[in-house]
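Student: pasting the structure only:
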C-alpha cells in the first residue's frame, strides 16, 4: 500500500490504483488477527472516503490540490516581481536559475527538481518565486 | 477426546475437540487454501489465505477453535475478496517459472492459486517487484531462494518449535521482510545443523534439497546411522536413491530426521563402492570371480582350522548389518569354524554397560523407550553429547527442557549444546564420573531422600553401598571433581525428589578404564531413588550404531549365544548343539582387543571381518595394523575399500542397508524391519548369502528362503526374541523381551522384578581417581569428531 501511495504522490499513479487501495485495505482488515492490523489501513480508507477527488486529481490530472506532493508542484519566477537579488540562483542545487544581478531571473524547467529551495529563499517582501500546478505553468507558456 | 459437530458450507462435520476450523476441515477432506499451517506446528495465522466466514464474520480458520454448532462458510464474496487480494499479492512477488521449480505440482501456492482462481489481466494492476535477491547456496545440502519465499514462517517455527535450534527468523519489516539467520550470515555460518526439517516442510520452492530428483517409488526402512533407528522412506528411481523422508508414523522419530539420515544416502550409489570380489595375488588385490574368492576363503579357513585348531580363527561381526546376518555369522563361527571367537565393536563402546547393568539389573539394555524420555520429570544426561550423536532423540530432551515439563541436569566437562537447555550443568573433571555419581548418592542417603520401599523390596546390598559412599561428602567430591558442593546437593535433590527421573548416558562414561564402575554408579543412583521399572524412569544407555543392540542380542559376543545365553551353561549349549547339529566350544572366545593381541602373537591366524574397520576405529592403530598384518589370512566383507580391507587377502563386496531385507534393533530394543529398496550394486552380494556360501563350501550348508526364516530360527532359540516374527513387524516393530507370539513387547523393563531371580544388587562402585590430581586431561571424543560419518563400521 505504501508503494502505491508513493507512486501516486510521485506521478506514477495508475487509473485503477484507488480501487486497488480500497481492495487492499479491506483485505488487510478482514485478514488481521489483532486490533493494530484491523485498523492499520484506516487512514488510507478514510482519506479515500472523504478526499477521493484529491487522489483522483493526482492520478488523472497530474496535480496535487494541496500543493504538497513535490512531483506535482512546479515553480516559476514572476519577472515583474523579481529584483535580481541572486539568492535563489545561488541556492539552487541544480543551478537551474540564471540571470544577472538586478535583472529578472529565469528558471529552466528541464533542470528543475521541484525541491522548492528557491521558493524558500525568495524574500517574502519580493515573493517572485511562486508554486504552481503543471497546468498553470503550461497555460502561462 | 470429545467430538465436536458443526457445519461447513451446510455440511455436518465432526472433529476432535481442540482442533481449529482449518484442521477440522482438512481432517474431513475439505480443502481451505493455506500456506502457513502445518500439522506439526502450533497454529500461527501468518498467511491469511485460510479466511472463512464464521457466523457472519470473516475469520482466520487456523486460529478459530471449533465448537458445537459453529456455522462456517468457505466461499462468501467477502471471503473470496479477502483471500484473493492476499494471494494476488503473494503471486505478484513470486517467480512464475513453475516448470523449472523443484516443488512443481507439490506447491501449496500453486494449489491455492488453482483453487481460488487467478485472472492474469486482473493481476496486471499490481506492481511486480524485482526478484533479484541473492540465492543462499552456502549449505551443501539445501538451497534457500528468498525470491520464492512466501514468508509463511513454517521454516522459522520448525527450527524453533520442533528442533529448538532457532537458526532462522524473520528479519527486516514490511515489503523488505525476509527469512534470515543471525547477523544475516549465510546459512552455513549460522547455528543451522542442516537437519533439513525446514526443507521438508517448506510449502513452496524456497527451501529445496541441493540435489533433488523426484523418486518413482518409496520404500519404508530404517535409518542406517545411529541407534535411534528412525523410520524413513527411501525414494528410489531405477537403482538409485534420490530422496529420503522421515516416516511420520514411526514411534521413534515421528517424522524427524537429522542431517545424516536425510541427506547422507550418497554412499549407497557412490562410485567408490566395491563391486566385485578381490583376491590378493602376488602382493596386490586383483579382481576375481565369486567362486574363486569364496573357494579361497573356505580353503584357507579350513587349512588354518586343521593345522592350528579352531581357536586360531576369529570373526568380527558388524553393528551395521542386520540381526539375521549377525546371527548367521556367529552361527558360522560357532558351528562351522568351531570357536567362540566372535565379537564386534560393542566391545569398545558399551561392553561396560552390558557388564554393569547385567550385574545391577540382570540385563544390559536401555530400560525405557525413546518416547518416554519426553515425559520424565527429571532428565539426567551424563557422558552423552546427545544433540550430536543421537540428534533425533535429543529433540525430546530439548523440547521437554525448553517447555519446562522436565528439569534437565547435564554432567559433562564440556559446554555441549544440551547445556543451553539445562537447569544444572555439572562440569566435572574428566574421569571423575564415579566420584560425582557417588556424591549424588551420598547426598540422597544423607538427607533421607531415598526410596526405602523400593530398596527393601527389590534391592540388596544397601548397607555395603552406604558404607562405601560414606566418604563421598559434597566437599570431598568437590575437591576431586571440581563441581561445587552446592551444585552436587542441588542435583541430588532435583533427581531424588522427581516423580520420574531418567538417566541417559553414552560413551562418555563407558569408554574409561573405570567404565563398568561408572555404569554401576549410574545404576545405584537410579536404584536408591526407585527410578527403575516404571514409565519414564530408568537407566538408558544410548547405543551407537543402528544395530549394535541387535548384534549383541544375536550373540556376536564371546561369551553368549543369541539372547545373552551363556556359552558356559551346559543346558544352553546342548540346546544350540541340538539345533545346529554340531558340537560347540564350551570356552568363551577372545574379545576384539584380545584377538588383535593374539594375532600379533601368532595365536590367531585367520580373521573374518564383516562390515568393520578396526584399523580406523580400534585403539592403537599401529598395534592393530601389526596384528592384522601378521595374520595368515584376513577376509574383509565391506562396502568400500576401507583401511582394513586394504590389508586383506580377500575382499568381498557386500550390500548396503538399502539393498537387503532383515531386521535391526535400535537402542530402545525395538526390532524394526529393514526393507530392500534397490538391487545390490554391481556384483556385490547380500551379506547373509556370502556367509551361507562360505559355510556351504566348508561342509555345513545353511539354506534359508528369506531373512524371515532366519528370524524364525532366532525366535525358536532365543527367549528374548521368542515372539518376534517377521509378519508382526510391519507396524511399529516390537520391543524385546517378547517371549511369545501373543506378547506385545515391553516398552520399559524391570516393571515387576529384575531379570535376575535374586533381585538387583548394589555393588559398591568405589573406585575413583585419586584426589588432588591436577593434571589436565583431554576429553575423549570419537575419532572423526562426532559420529559415524567417516567410520562406517
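Tutor: Nice, I can see it. It should be emphasised that the depicted structure is a prediction, and the values quoted were computed from it without experimental measurement.

Student: Not including adjacent chain positions, what is the nearest residue to residue B:560?
Tutor: Among residues not flanking residue B:560 along the chain, residue B:566 sits closest, at 5.7 Å (Cβ to Cβ, 6 or more residues apart in numbering or on different chains). (Glycine included, C-beta is placed from N, CA and C.)

Student: ok, that neighbour to chain A distance?
Tutor: Spatial separation of residue B:566 from chain A under the definition Cβ to the nearest Cβ, to the nearest Å is 66 Å.

Student: got a list of what the nearest residue to residue B:649 once chain neighbours are set aside touches?
Tutor: Using Cβ to Cβ, 6+ apart and skipping the chain neighbours, the partner closest in space to residue B:649 is residue B:280 (4.6 Å). Residue B:280 makes contacts with B:286, B:648-650, as judged by Cβ atoms under 8 Å, 6 or more residues apart in numbering or on different chains.

Student: do that again at 10 Å, thanks
Tutor: By Cβ atoms under 10 Å, 6 or more residues apart in numbering or on different chains, residue B:280 lies in contact with B:286, B:288, B:296, B:633-634, B:647-651.

Student: Doesn't it lie inside a strand?
Tutor: Yes - under DSSP: H, G, I helix; E, B strand; the rest coil, residue B:280 falls within a strand.

Student: and residue 23, what is it in contact with?
Tutor: Chain wasn't specified; assuming chain A. Neighbours of residue A:23 in contact, by Cβ under 10 Å, 6+ apart: A:16, B:81-82, B:84-85, B:88, B:125.

Student: Let me rephrase: I mean chain B.
Tutor: Going by Cβ under 10 Å, 6+ apart, residue B:23 touches B:15-16, B:32, B:37, B:39, B:43, B:61-62, B:65-66.

Student: ok, these vs residue B:147, which is closest?
Tutor: Lowest distance from residue B:147 to those (Cβ to Cβ) belongs to residue B:37, with 22.7 Å.

Student: how close does the closest residue to residue B:131 other than its chain neighbours get to chain A?
Tutor: Using Cβ to Cβ, 6+ apart and skipping the chain neighbours, the partner closest in space to residue B:131 is residue B:147 (4.0 Å). The gap separating residue B:147 from chain A is 17 Å, by Cβ to the nearest Cβ.

Student: Need the three-state assignment for the nearest residue to residue B:558 once chain neighbours are set aside.
Tutor: Nearest residue to residue B:558, sequence neighbours excluded (Cβ to Cβ, 6+ apart): residue B:589, at 4.0 Å. Under three-state DSSP, residue B:589 falls in the coil class.

Student: about what we covered before: any idea which element the residue nearest to residue B:131 lies in?
Tutor: Following DSSP states H and E, there is no helix or strand that holds residue B:147.

Student: Residue B:136 is in contact with that one, correct?
Tutor: No - using Cβ atoms under 10 Å, residue B:147 makes no contact with residue B:136, being 11.1 Å away.

Student: For residue B:714, list the residues it contacts.
Tutor: Residue B:714 neighbours (Cβ under 10 Å, 6+ apart): B:323-324, B:326-328, B:331, B:553-555, B:562-563, B:663, B:671, B:720-722, B:724-725.

Student: From residue A:113, how far off is it?
Tutor: As judged by Cβ to Cβ, to the nearest Å, residue B:714 and residue A:113 stand 87 Å apart.

Student: For residue B:784, give me the pLDDT.
Tutor: Looking at residue B:784, its pLDDT stands at 40.

Student: I'd assumed residue B:477 was in a strand, is it?
Tutor: No - assessed by three-state DSSP, residue B:477 does not belong to a strand; its assignment is helix.

Student: count of residues packed around it?
Tutor: Neighbour count of residue B:477, defined by other Cβ atoms under 10 Å in any protein chain shown: 28.

Student: cool, residue B:291 as well?
Tutor: Using other Cβ under 10 Å, residue B:291 is surrounded by 11 other residues.

Student: Hmm, residue B:277 and it touching each other?
Tutor: Yes - the pair residue B:291 and residue B:277 passes the contact test of Cβ under 10 Å, sitting 9.2 Å apart.

Student: picking up where we left off before, what is the burial count for the residue nearest to residue B:558?
Tutor: Counted by other Cβ under 10 Å, the residues lying close to residue B:589 total 23.

Student: List the contacts of it.
Tutor: Here residue B:589 is in contact with B:310-311, B:313-315, B:333-334, B:339-343, B:557-559, B:567, B:595 (Cβ under 10 Å, 6+ apart).

Student: which bits of chain A sit near chain B?
Tutor: Within chain A, the positions adjacent to chain B are A:1-4, A:7, A:12, A:14-17, A:19-20, A:23-34, A:37 by Cβ under 10 Å from any Cβ of the partner chain.

Student: how about the nearest residue to residue 40, chain neighbours excluded?
Tutor: With no chain named, the answer covers chain A. Sequence neighbours aside, residue A:28 is the residue nearest to residue A:40 in space, at 6.2 Å (criterion: Cβ to Cβ, 6+ apart).

Student: oops, I was thinking of chain B
Tutor: Distance criterion Cβ to Cβ, 6+ apart; nearest residue to residue B:40, sequence neighbours excluded, is residue B:162 at 6.3 Å.

Student: what sits against residue B:409?
Tutor: Applying Cβ under 10 Å, 6+ apart to residue B:409 gives the contacts B:378-382, B:401, B:422-426, B:440, B:487, B:490-492, B:494-495, B:501, B:503.

Student: low-scoring pLDDT stretches of chain A, where are they?
Tutor: The model of chain A has pLDDT under 70 over residues A:140-141.

Student: how many neighbours does the residue nearest to residue B:131 have?
Tutor: 18.

Student: before we move on, what about residue B:269?
Tutor: Here the number of neighbours of residue B:269 (other Cβ under 10 Å) works out to 16.

Student: For ChimeraX, write a command that selects the buried ones of the residues of chain A next to chain B.
Tutor: Entered in ChimeraX, the line below selects the buried ones among those, by 16 or more other Cβ atoms under 10 Å in any protein chain shown:
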select /A:1,4,7,17,20,23,24,25,26,27,28,29,30,31,32
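
Student: Among the residues of chain A next to chain B, which ones are in helices?
Tutor: Mapping those onto helices (DSSP state H) picks out A:2-4, A:7, A:17, A:19-20, A:23-30, A:37.

Student: Among these, give me the pair with the biggest separation.
Tutor: A:7 and A:30, at 24.0 Å, using Cβ to Cβ across these.

Student: ok, residue B:674 to residue B:331 distance?
Tutor: In this view, residue B:674 and residue B:331 are 19 Å apart by Cβ to Cβ.

Student: er, residue A:117 actually
Tutor: 97 Å.

Student: out of these two, which sits in the more crowded spot?
Tutor: Taking neighbours as other Cβ under 10 Å, residue A:117 and residue B:331 compare with residue B:331 leading, 27 against 17.

Student: surely the more buried one meets residue B:580?
Tutor: Yes - contact criterion Cβ under 10 Å: residue B:331 and residue B:580 qualify, at 6.5 Å.

Student: so what sits against both of the two?
Tutor: With Cβ under 10 Å, 6+ apart as the test, residue B:331 and residue B:580 both reach B:700, B:702, B:713, B:717.

Student: residues from chain B in reach of chain A?
Tutor: Counting by Cβ under 10 Å from any Cβ, the residues of chain B near chain A are B:44-51, B:53, B:57-60, B:63, B:78-79, B:81-89, B:122, B:124-127, B:129, B:174-175.

Student: mind checking how far stretch B:570-579 is from the chain centre?
Tutor: Distance of stretch B:570-579 from the chain centroid (Cα atoms, centre = their mean, to the nearest Å) equals 34 Å.

Student: An error on my part: the question was meant for stretch B:116-135.
Tutor: Centroid separation between stretch B:116-135 and its chain, computed with Cα atoms, centre = their mean, is 45 Å.

Student: before we move on, back to that, mind checking which of the contacts of residue B:714 land in strands?
Tutor: Among these, the subset assigned to strands under DSSP state E consists of B:663, B:671.
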